[in-house]
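Colleague: this one's structure only:
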């Protein structure tokens, strides 16, 4: 399973190192912390798997992958529930 940004449904800006997202359908906005912004930027580069995101976050923060899996899962669950990130095979 890979994840990508649903570019038709979201607009974003990176402000002072943190992403601000706007859902163009609902007008809701989201302010991501540094970890969320890191994952957003990784998804901007290319489609990523859950494991790719876990590894990148773990390396960035010098933690074992198991320590960041929950954060990555919550981010992906929230973003997919809002339709801002989509899953594909």
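Modeller: Happy to help now that I have it. Predicted model, so just to flag it, every value in this text is computed and none were measured.

Colleague: what ranges does the chain have for its helices?
Modeller: With DSSP state H, the ranges of helices along the chain come out as 34-45, 50-61, 65-81.

Colleague: so what's the residue count around residue 7?
Modeller: Using other CB atoms under 10 Å, residue 7 has 11 other residues around it. The C-beta positions use only the backbone N, C-alpha and C, and glycine is treated the same way.

Colleague: equivalent analysis for residue 41, please.
Modeller: Residue 41 is flanked by 14 other residues according to other CB under 10 Å.

Colleague: spit out the contact partners of it.
Modeller: By CB atoms under 8 Å, 6 or more residues apart in numbering, the residues touching residue 41 are 14, 19.

Colleague: repeat that for 10 Å
Modeller: Going by CB atoms under 10 Å, 6 or more residues apart in numbering, residue 41 touches 12, 14, 19, 32, 56.

Colleague: give me the beta-bridge partners of the second one?
Modeller: In this structure, residue 14 bridges to residue 19 when assessed by DSSP bridges.

Colleague: possible to save the helices of the chain as a markdown table with distance to residue 87 and mean pLDDT?
Modeller: Below are those laid out as a markdown table (distance: least, CB to CB, whole Å; pLDDT from 0 to 100):
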| stretch | distance to residue 87 | mean pLDDT |
| --- | --- | --- |
| helix 34-45 | 12 | 97 |
| helix 50-61 | 10 | 98 |
| helix 65-81 | 6 | 97 |
